[in-house]
Structure formats: C-alpha cells, structure tokens
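Trainee: Just to be clear, the model below is a prediction. Sequence and coordinates:
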Amino acid sequence: MPRISIYQEDDIPSPMRKLWQAFADNPFALMGLWAVTCLLFLAIFGPWIAPFSPEQQDPLALLLPPSWDASGTVEHFLGTDDLGRDIFSRLLHGAHLTFGMALAIVMASLAVGFVIGSISGMMKGLKSSILSHLLDALLSIPSLLMAILVVAVMGPGLSNVFWAVGIALTPQFVRAIHQAVHEELQKDYVTAAKLDGANSIQIFWYVIMPNVWETLIIQTTLAISAAILDIAALGFLNLGAQAPSPEWGAMVSQGLDNLLTAPWTVTIPGVAILCSVLAINLVGDGLRSALSPIRN
C-alpha cells in the first residue's frame, strides 16, 4: 500500500525559505540586515538626497554643532566642519565612496579568488602543496599592512586604494575556497560521483559547489568588514582618499585638529564606520547560524 503524506507538496519549505526562517529567528541578524539595506541605499542614492554639495563651504556656519545642541540648526542636521561644510551631506557622499568601494573591491576579489581557489583546490600533489605554502606566507601579512605596502609603491589615491585593498583581500578568498574545495574532495560522495563516471567539471559544479556556499558567504561578509576598515584606515593615514574627499576615514583625519573644540567632526564619521562594520558582522553571524542546520 503506498504511503500517504499528510503534507502537501506546497507545504514543504524550500531551502531558501528554511534559510530565511532560520535567519529571521535571530533579531540581531535582522537588525543588521536592515542596517546594511539602509547603507546600500545610501551608497547608491546618497549623492542625490544630500542637501548640500560635499565641498560647499559656508563661512557663516563654521563648526556648528549638531541640531540637538542648543547652538545647532536644523539646516545643518549633523553640524559643520571647520570650513563650514555640512557633515550630513559629506557623510552621505562618503557612504558612496567607503561602502560602495568596499562592495566593489570584495566582488572583484571574490571573482579572482574563486577562480584561483577552485582550480588550485582541485589540484593534488606538489602544485597544491606549493600554492598552500605560498598562501600561508601571504596571509601572515595583515591585510592593512599589505594595502599600505601596495599604496606606498603605487601612490595615494582612491583608484590605487581599490587595487591595494583588492590585492590584500584576494589571498583570503583563494585560501578559503582552496581549503573548502580540497576538504570536499576527500568526502565519500565525491568518490561515489567519480565511480559513476562524472568528470572533474561535473564533480566541481554539481557535487562540490553546493557544499562550499557557506564558506563563500561567510568569507564575503568578513571581507566587506575588512575592506571598509582598510579603506577608512588608508584615508585616515592620508594614503587613500585625499582632501577634500568626503570618504569617512579621511573625514576622521581632517577633523582631528578640532577634536577638543568640535568632537562631532570626528565622532560622527567614526560612528558611521563602526555601525557599518557591526551591521555587516551581525548579518554574517546570522547567515552562518542559519546555514549550519540546513547544511547538516
């Protein structure tokens, strides 16, 4: 007698629905997701919704405090800097530079790292061992230090920051994907696929890849946080974005001279960097927790 299921086919949740349900059960992950969505919106539309140009100066509004201060004004919601530039407008334009550039760098590093890591992960023997030791040597250098070394050779500027941070982050993707693919090759189901006559390409795309998505997602969220910090650090050290750029790290550097008299010129872009990194880490932790039971 055939078994009768009490569940209809439409009632069986798909893997994506299970992932979302597990993710939504984490309130901190949801909070981080909303924050990242807002950051992405500001990175795209910030320059159009900013009330002022990031370089527009007002000599009659020098070092105005934020609007919640008794001396502040609603026109300049987050105050102004020592040149009378609106901090809120500069912050919105800075989201386009800092957060937008971080996403672009990570996507480029992910693409390059995925290709190199996948090919090297499928290798065996001496070639795989040499590449593994080379990656270990590169990863022993902190990403910020490597980015500083690259900028020191290429020179300061936003275009060079893209290459510097990208070169610093790519070995992390190569290593993560290489290790994940290499570990999956040792599993029994890969051996079974080989016995069924599957070639290397079929084994990689249909057998290995579905099991390394968790590694890719987690590494990507970590890389976005690292990219934001590296871009901001290079801007703070005057090795990245140059004045009068509204990049967040450069804004912190430009406001240091007025730290005691106008602390908002430093704390507001600093809080923006902190909140961005925190939100991305919350999303990454939520995805990692949500993916674990699905994979198991």
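Mentor: In hand now; what should we look at?
Trainee: give me every residue that touches I203.
Mentor: Taking Cβ atoms under 8 Å, 6 or more residues apart in numbering, we find I203 in contact with 190, 193-194. Bear in mind the C-beta positions are built from the backbone N, C-alpha and C, glycine included.
Trainee: out of the residues you listed, which are buried?
Mentor: Among the contacts of I203, those classed as buried by neighbour count (16 or more other Cβ atoms under 10 Å) are 190, 193.
Trainee: From the contacts of I203, pick the one nearest L260.
Mentor: Distance to L260, by Cβ to Cβ, is smallest for V190 among those, at 62.0 Å.
Trainee: For the nearest residue to that closest one once chain neighbours are set aside, give me its contacts.
Mentor: Nearest non-adjacent residue to V190, counting by Cβ to Cβ, 6 or more residues apart in numbering: V207, 5.7 Å away. By Cβ under 8 Å, 6+ apart, the contact list for V207 reads 184, 189-190, 193, 198.
Trainee: So S53 lies in a strand, does it not?
Mentor: No: counting by DSSP: H, G, I helix; E, B strand; the rest coil, S53 is not part of a strand but coil.
Trainee: Isn't it up against R90?
Mentor: No: applying Cβ atoms under 8 Å, one finds S53 not in contact with R90, separated by 9.3 Å.
Trainee: Of these two, which one has the most company?
Mentor: R90 (30 against 14; other Cβ atoms under 10 Å).
Trainee: what's the spacing between that one and Q202?
Mentor: Using Cβ to Cβ, to the nearest Å, R90 is found at 52 Å from Q202.
Trainee: G255 too?
Mentor: Plainly put, G255 is 56 Å away from Q202 if you go by Cβ to Cβ.
Trainee: So if I had to pick from the two, which one is more boxed in?
Mentor: Each of G255 and Q202 has its neighbours counted (other Cβ under 10 Å); G255 has more, 21 against 14.
Trainee: can you pull the contacts of that one?
Mentor: Contact partners of G255, counting by Cβ under 8 Å, 6+ apart, are 81-82, 262, 265-266, 269.
Trainee: And P244, by the same measure?
Mentor: The contact partners of P244, by Cβ under 8 Å, 6+ apart, come to 54-55, 83, 85, 254.
Trainee: redo that, cut-off 7 Å
Mentor: Residues near P244 by Cβ atoms under 7 Å, 6 or more residues apart in numbering: E55.
Trainee: what pLDDT does it get?
Mentor: For P244, the pLDDT comes out at 85.
Trainee: Could you look up the SS state of it?
Mentor: Secondary structure state of P244, per three-state DSSP, is coil.
Trainee: May I have the phi/psi pair for it?
Mentor: phi -100, psi 40 (degrees, to the nearest 10).
Trainee: quick one: the helices in the stretch 101-250 of the chain?
Mentor: Secondary structure of the stretch 101-250 of the chain by DSSP state H, counting those that start in this stretch: the helices cover 126-139, 143-154, 158-184, 188-195, 200-202, 213-236, 248-255.
Trainee: name the helices or strands packed onto the second one?
Mentor: Using 3 or more Cβ pairs under 7 Å, 6 or more residues apart in numbering; DSSP states H and E as the contact definition, the elements that helix 143-154 packs against are helix 158-184, helix 213-236.
Trainee: any weak-confidence spans in the stretch 151-296 of the chain?
Mentor: 293-296 (pLDDT under 70).
Trainee: so how far is the helix or strand where F45 lies off the chain centroid?
Mentor: Assigned by DSSP states H and E, F45 belongs to helix 27-49. Mean-position distance between helix 27-49 and its chain equals 13 Å (Cα atoms, centre = their mean, to the nearest Å).
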